[in-house]
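mind folding the following:
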Amino acid sequence: MNLPMQAPPMGSAAHKIVTLLEQRTGQHLDAGRAWRIDSALQPMLRERGLVSIDELVARIAEGGRCEQGLADLVVDALLNQETSFFRDSSVLDLVVMAATDMVAETPRRLRIWSAACSTGQEPLSLAMLFGEAQERCGLPLPEIRATDISARALARARAGRYTQFEIQRGLSVRRMMQWFEVRDELWEAKAELRYRLLFARQNLMSDPMPSGKFDIVLCRNVLMYLSPAARAQVLNRIAGVLRPGGLLVLGAGETVIGHTEALVPSERYRGLYRPASH
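Here you go, the predicted model:
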C-alpha cells in the first residue's frame, strides 16, 4: 500500500517566518509550500551576509529599527507577485461592459479599485481598455486606484517599466506600440497612461480602506493565499466600500460563498459579486 508523501515538518526558524507572514498579511504558507521560504530568501541572505534562515530570524528578533526593516523585506520577498497584462482578459472585458451599463443608467465618473495590484499590469490593462472605450463610444475615463502591500512592487508599478518578457505576456503588438515606448532597453508606459492611475501602499488586513465608495473593486488571486478568517475579514472590508449595486471581481476559482454574507453572486454579471443589500 503506497501512502501519499507528506511534506517534511517545518523547523523552528521557518515556522517563525510563516507566522510573521501571516501576522503581517493574512497569507498562510502551509508545510507543502514551505520550500518557498528558502528559495525566496536566499538572495537576501547573500546580500546581508547571513548564513542561514536561523540567523535571519535571530536578527529580526533583536527588535531594533533596522531589524523591523529586515522583517518588512522578508515579508516582501515571500509575497506572490505573479501577474501579467490582460490576465483573464474576458473578465476585464466584462468589467468594461459593466462600467458601460453603470454609466448608461446613472451618468457619472466611476471609481475603480485594483487591490493587490502587484507590479501594475492589472491597473494599466484597465486604463488601456477604458482609454479605448472612450475613443470608441465616449465612455468617461474612470478614477482608477491601485494598491499593494509591497513597496517594491508599487515602485515598479508607478514607474510603469517592464522587460521584453513582461511586456509580451498578454500585451498585443498594437497595444505595445500605442501605449508604451522603449527607454533604456525597457518598455515604459506612456505618461498619458500612467497619469490615469493613483497608487498607494495598503495592507488589506489592517490599513484604513481607501476613502469613499467604489463602483467596481478587483481583488483577484488574493483570497487563495489567505486563511479562512483572513478571507472573511478582507471580503467584509471590501463590501463596506462598494456602492449599492457595485461589483467585486475575484480570481478564477475564488468565491465569496462560505466566507461572508455581505456579498452575493451578481445575477446580471456571471462570476462577479455584489453587496447583499441594495
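
ranges for the helices of this structure?
Taking DSSP state H, the helices of the chain run over residues 12-25, 35-48, 53-61, 65-78, 89-105, 121-137, 151-159, 164-168, 173-179, 191-194, 228-239.

format these as CSV; extra columns: mean pLDDT.
Shown next, in CSV, are these (pLDDT from 0 to 100):
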stretch, mean pLDDT
helix 12-25, 86
helix 35-48, 85
helix 53-61, 88
helix 65-78, 77
helix 89-105, 98
helix 121-137, 97
helix 151-159, 94
helix 164-168, 95
helix 173-179, 96
helix 191-194, 96
helix 228-239, 96
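
to L248, which of the ones you listed lies closest?
Closest approach to L248 among the helices of the chain is made by helix 228-239 (6.0 Å; Cβ to Cβ). (C-beta placed from N, C-alpha, C; glycine too.)

the residue most central in space within the chain: what's it in contact with?
What sits nearest the mean C-alpha location of the chain, by Cα atoms, centre = their mean, is A116, with 2.1 Å. Neighbouring residues of A116 by Cβ atoms under 8 Å, 6 or more residues apart in numbering: 147-149, 204, 219-222.

from I167, how far off is it?
21 Å (Cβ to Cβ, to the nearest Å).

same question for G253.
Remark: distance between G253 and I167 (Cβ to Cβ) = 27 Å.

with R237 instead?
Counting by Cβ to Cβ, the gap from R237 to I167 is 33 Å.

of the two, give the one with the bigger neighbour count.
Set R237 next to I167 and count neighbours by other Cβ atoms under 10 Å: I167 wins out with 21 against 18.

count of neighbours near M224?
The number of residues packed near M224 is 14, by other Cβ under 10 Å.

same thing with G49?
Residues near G49, counting by other Cβ under 10 Å, number 7.
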